[in-house]
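Asks: Model the structure of this input:
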Amino acid sequence: MSAACAAEAHGDCAHLVSVGGGFNPRLLRLEFGAGLCSCPCHSSCPVATEGYRLTVSPEAWRDSCTCPGAEQGRQDARDRSRARKEAFESAQAQAAGKGRDEIRAIYLAELQAHGLAAPGEDVLGAVVNELRGTASWRRLLRLPSPGR
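Replies: The predicted structure follows:
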């Protein structure tokens, strides 16, 4: 249940509680997606989960949730995405000729300056590799770098 619904502020609930993955003990499998608030106030929403399913795709929530707080939730997600992109681009502009530890510190400072929390170490390491230009999987797949 979301903090808004727990506080009886149902109109403020975006229905989205978290995005991630984990083990669904009901279906005995891993599931990834958007975890939704389980409050009954969301029962009329088209993306409300039923039965054993605990998540929906983030795209399904973004495109179809009709809950009163969803638009603010979508705007917050857009703002965080834009801030992450700006932090990456700013760090990228400062990264030339710097070592891994320096680039890591620059990126963390940029995240903080943009009001964002640091990602987990695995994600942080991947971003630092991307900033260093050593993300070989992008070169192998010929994918553009984020922010380009």
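
Asks: For the residue positioned nearest the centre of the chain, give me its contacts.
Replies: Taking C-alpha atoms, centre = their mean as the criterion, V19 is the residue nearest the geometric centre of the chain, at 6.2 Å. The neighbours of V19, taking C-beta atoms under 8 Å, 6 or more residues apart in numbering as the test, are 33-35, 58. Where you see a C-beta, it was placed from the backbone N, CA and C, and this is true even at glycine.

Asks: Let's have these in JSON lines, adding pLDDT, secondary structure and neighbour count.
Replies: As requested, the contacts of V19 are arranged in JSON lines below (pLDDT from 0 to 100; DSSP: H, G, I helix; E, B strand; the rest coil; neighbours: other C-beta atoms under 10 Å):
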{"residue": "G33", "pLDDT": "83", "secondary structure": "strand", "neighbour count": "19"}
{"residue": "A34", "pLDDT": "83", "secondary structure": "strand", "neighbour count": "22"}
{"residue": "G35", "pLDDT": "83", "secondary structure": "strand", "neighbour count": "19"}
{"residue": "P58", "pLDDT": "85", "secondary structure": "helix", "neighbour count": "14"}
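
Asks: Greatest separation within those: which pair is it?
Replies: Greatest spatial distance in those: G35 and P58, 10.1 Å, computed using C-beta to C-beta.

Asks: Report the separation between A95 and L111.
Replies: Computed with C-beta to C-beta, to the nearest Å, the distance linking A95 and L111 is 14 Å.
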